[in-house]
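In: Any chance you could fold what I've pasted below:
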Amino acid sequence: MLKHPLAVLFYLTLGILNGFSNNSTSDITIIIESLPANTPDNDTIFVCGNFNNWIINDPQYALQRRTDGKLSVKVPFTIDTLEYKFSRGNWMNIETGPENTYLPNRIITDRYQLTKLI
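Out: Purely as a prediction, here's the structure:
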């Protein structure tokens, strides 16, 4: 399970695709710097949320390993509040806290935020 939420340190980078009009589409790139030590190396990490109808193992939102060893994925930010969670592809392997309890949804409300550290 993904444990220790503070160990999942990530940056959110905003990419504006269509300018700043009301109909603009923007993406956020989530970069995970490190995973908890007990996360199996060969497991795929996914992000799901209100941007993909909470499909827990959507291959489009599987994090990819970068050349610097970090994991990243780009998600659309087309609504006022982005809610999401990390998982290993099913609801039994969802991100948990230090005491193995389920965490509330992660939330981003600032569409123009460039970086966020957790």
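
In: What segments of this structure are helices?
Out: Chain-ordered helices for the chain, with DSSP state H as the definition, do not occur.

In: wait, what's in contact with the residue nearest the centre of it?
Out: The centroid of the chain falls nearest to V47 when counting by CA atoms, centre = their mean (4.6 Å). Taking CB atoms under 8 Å, 6 or more residues apart in numbering, we find V47 in contact with I30, Y61, L63, V73, V75, Y84, K85, F86, S87. For every residue, glycine as well, the C-beta is placed using N, CA and C.

In: tell me which of the residues you listed is nearest to I108?
Out: Closest to I108 out of the contacts of V47 is Y84 (8.0 Å), distances taken as CB to CB.

In: Measure how buried that closest one is and give me the count.
Out: 20 (other CB atoms under 10 Å).

In: Over to W91?
Out: W91: 12 neighbours (other CB under 10 Å).

In: And for the one 3 residues further on?
Out: Counted with other CB under 10 Å, the neighbours of I94 add up to 18.

In: Quick check: beta-bridge partners of it?
Out: For I94, the beta-bridge partners are S87 (DSSP bridges).

In: Give me the local confidence score for V47.
Out: V47 carries a pLDDT value of 96.

In: how far away is it from E99?
Out: Look at V47 and E99: by CB to CB, to the nearest Å, they are 23 Å apart.

In: Could you do W54 as well?
Out: 24 Å.

In: Tell me which of the two has more neighbours.
Out: W54 (14 against 6).

In: so what's the residue nearest to the more buried one when sequence neighbours are not counted up against?
Out: The shortest distance from W54 to any non-neighbouring residue, by CB to CB, 6 or more residues apart in numbering, is to C48 (5.3 Å). The neighbours of C48, taking CB under 8 Å, 6+ apart as the test, are W54, I55, I56, N57, D58, Y61, Y84, K85, S87.
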